[in-house]
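**Student:** pasted the sequence and its predicted model underneath.
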Amino acid sequence: MGNRVVVTGLGCTSPLGNDVPTSWEACINGQSGIDRITNFDPELYRCQIAGEIKNFVLPEIIPIKEAKKMDLFIQYSIAATQEALNDSGLEITEDIQEEVGVSMGVGIGGLGCIEKYTKILLESGPKRVSPFFIPMTLSNLAPGYVSLLFGAKNYTACTVSACTSSNHAIGTAARTIERGDAKVVIAGGAESSVTPLGIAGFASMHALSTRNDDPKRASRPFDKDRDGFVMGEGSGMLILEEYEFAKARGARIYCEITGYGFSSDAFHVTSPSAEGPARAMKMTLKDSGLAAEDIDYVNAHGTSTPVGDLNELKAIKMAFGEKAAQQISISSTKSMTGHLLGAAAAIEAVFSIKALHHNFIPPTINIDNMDPECDLDVTPNTGKSKELRIAMSNAFGFGGTNASIIFQKMD
């Protein structure tokens, strides 16, 4: 048994709001952050809607000159980190810098800057490409800048595993602390792929909803008429600490991370299986030492795709058993935020922890006609109060990669 790992701070920049209180309030009230795309003119695109960040204000810690060298996903992660550190009350002083790491998940990275400078290259030639182009776009520059600006000198790395990225990053952060290799890890994820190429690419796969005339009702996990996911963007960040370290400094503790599990489908690049996610959930339960009956809430991956949603419910039954699965409350907060790709699991970790903290299950909105094959409690349309002790958050990604994490209230 290694060191215990606790969560002491939360931060986010999401389609529902640019901080945790605003995002959580919108989440529990079933508000949608989806609207018509404003980042570019979407008129010619099959999908014209997304969960964009609105009214983003550059954090003071980022000098204006430095911001010009950063893609938006990096800026979002810095803003969310600053909020999480403030929330935790942790000051990264010189004497603990070498005990503080950064572990982040990013799915695509600086796609917006890649598009911008490809256009400049083709129209104006190679000499017009910025010398900062490469660091603008590299996925690991999100944790790199977080490390630089906040003074974290321990393990600093980026996991790129599609929509599972942030759960892998948070799980790796927890393992780093468990092993005694760090006292604190800033963990989470970021994404900013609501760009012409990002939307065109996913739309060409027929992965995105085309409910363009009704954006706020487009993301509808478990509804019979769901027609694909809606792209989102933003960042979620957690402050993870070794329990004794957090206790000694008098930190407010949200919960403990007691389980982390993962698997690969080895089945298909983009089409999901149920067997792989079930193994990830079983591994997470085993890692935590908990029984299926102990889980009160599952924040589902629930993307609003015809195949994926039902596969996940099937996987939950396989992992927990039919009886236990019937007792669990499930919801997909992607119905409100859209799908943040590499940052999805990070923002959903924030919501899962807030659910525990407030004993409240967020809703899955936009369920007008429940899929007849959906026979579990997916918290349709309205959230509910429920005494919660243990929550699991799921993430599954292209390439058949799966990861689940368990958050547990402290005894």
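**Tutor:** Perfect, I can see it now. Residues are numbered from 1 along each chain as shown.

**Student:** how about Thr137, nearest residue that isn't a chain neighbour?
**Tutor:** Gly110 (3.1 Å; C-beta to C-beta, 6 or more residues apart in numbering). In this view, the C-beta of every residue, glycine as well, is placed from N, C-alpha and C.

**Student:** dump stretch 364-375 to PDB, restricted to CA.
**Tutor:** This file holds the C-alpha atoms of stretch 364-375, laid out as PDB (Å, rounded to 0.1, in the frame of the first residue of the first chain):
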ATOM      1  CA  THR A 364     -28.200  14.100 -18.400                       C
ATOM      2  CA  ILE A 365     -30.200  16.700 -20.300                       C
ATOM      3  CA  ASN A 366     -32.100  16.600 -23.600                       C
ATOM      4  CA  ILE A 367     -33.600  13.100 -23.100                       C
ATOM      5  CA  ASP A 368     -36.900  13.500 -24.900                       C
ATOM      6  CA  ASN A 369     -37.300   9.900 -26.000                       C
ATOM      7  CA  MET A 370     -35.200   7.500 -23.900                       C
ATOM      8  CA  ASP A 371     -33.500   4.800 -26.000                       C
ATOM      9  CA  PRO A 372     -35.500   1.600 -25.200                       C
ATOM     10  CA  GLU A 373     -32.200  -0.200 -24.800                       C
ATOM     11  CA  CYS A 374     -31.200   2.100 -22.000                       C
ATOM     12  CA  ASP A 375     -32.400   0.400 -18.900                       C
END
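
**Student:** could you shift the numbering so residue one becomes 20, and keep it that way?
**Tutor:** Sure, I'll start numbering at 20, so the last one becomes stretch 383-394.

**Student:** start to end distance for stretch 226-237?
**Tutor:** 13 Å (C-alpha to C-alpha, to the nearest Å).

**Student:** repeat that for stretch 102-119.
**Tutor:** With C-alpha to C-alpha, one end of stretch 102-119 sits 17 Å from the other.

**Student:** now swap in stretch 199-214 and tell me
**Tutor:** Terminal-residue distance, stretch 199-214 (C-alpha to C-alpha): 41 Å.

**Student:** roughly how far is that stretch from the heart of the chain?
**Tutor:** 10 Å (C-alpha atoms, centre = their mean, to the nearest Å).

**Student:** those strands in the stretch 20-169 of the chain, which residues are they?
**Tutor:** Secondary structure of the stretch 20-169 of the chain by DSSP state E, counting those that start in this stretch: the strands cover 24-32, 54-55, 68-69, 119-124.

**Student:** the stretch 20-169 of the chain: helices as residue ranges?
**Tutor:** 39-47, 83-86, 91-107, 130-143, 152-156, 160-169 (DSSP state H, counting those that start in this stretch).

**Student:** of all those helices, which lies closest to Tyr262?
**Tutor:** Among these, helix 91-107 comes nearest to Tyr262, with 13.7 Å by C-beta to C-beta.

**Student:** sorry, back to before: right, and the residue nearest to Thr156 touches Met155 too?
**Tutor:** Yes. Contact criterion C-beta atoms under 8 Å: Gly129 and Met155 qualify, at 5.2 Å.

**Student:** shared neighbours, those two?
**Tutor:** In terms of C-beta atoms under 8 Å, 6 or more residues apart in numbering, Gly129 and Met155 are both contacted by the residues 90, 93.

**Student:** more neighbours: which of these two?
**Tutor:** It is Gly129, of Gly129 and Met155, that has more neighbours when counted by other C-beta atoms under 10 Å, with 27 against 22.

**Student:** neighbours around Asp106, how many?
**Tutor:** So Asp106, with other C-beta under 10 Å, has 20 neighbours.

**Student:** leaving out sequence neighbours, find the closest residue to it.
**Tutor:** Gly28 (4.1 Å).

**Student:** contact partners for Glu117?
**Tutor:** 172-173.

**Student:** which residues sit against stretch 279-294?
**Tutor:** For stretch 279-294, contacts defined as C-beta under 8 Å, 6+ apart pick out 183, 186-187, 189-190, 193-194, 224, 226, 295-296, 298-306, 326-327, 330-331, 333-334, 337, 415, 417-425.

**Student:** before we move on, back to that, neighbours around the residue nearest to Asp106, how many?
**Tutor:** Residues near Gly28, counting by other C-beta under 10 Å: 24.

**Student:** okay but it is in contact with Ile272, surely?
**Tutor:** No. Counting by C-beta under 8 Å, Gly28 does not reach Ile272; the two are 10.1 Å apart.

**Student:** buried subset of the contacts of stretch 279-294?
**Tutor:** 183, 186-187, 189-190, 193-194, 226, 295-296, 298-304, 306, 327, 330-331, 333-334, 337, 415, 417-425 (16 or more other C-beta atoms under 10 Å).

**Student:** skipping its backbone neighbours, what lies nearest Gln345 in space?
**Tutor:** Among residues not flanking Gln345 along the chain, Leu395 sits closest, at 6.7 Å (C-beta to C-beta, 6+ apart).

**Student:** test my guess that the one you found contacts Gln346.
**Tutor:** No. The criterion here is C-beta under 8 Å, and Leu395 misses it with Gln346 at 9.6 Å.

**Student:** same drill for those two, tell me which one is more crowded.
**Tutor:** Legend: neighbour count by other C-beta under 10 Å for Leu395 and Gln346, higher for Leu395 (21 against 13).

**Student:** quickly find the element holding the more buried one.
**Tutor:** Of the helices and strands defined by DSSP states H and E, none includes Leu395.

**Student:** if I look at it, how far off is Leu332?
**Tutor:** As for Leu395, its distance to Leu332 is 5 Å (criterion: C-beta to C-beta, to the nearest Å).

**Student:** pull up the overlap in contacts between those two.
**Tutor:** Ile349.

**Student:** what angle separates the helix or strand harbouring Ala192 from strand 119-124?
**Tutor:** Using DSSP H and E, Ala192 falls within helix 184-197. On the basis of axes from the mean of the first three to the mean of the last three C-alpha atoms, to 10 degrees, helix 184-197 is oriented at 150 degrees to strand 119-124.
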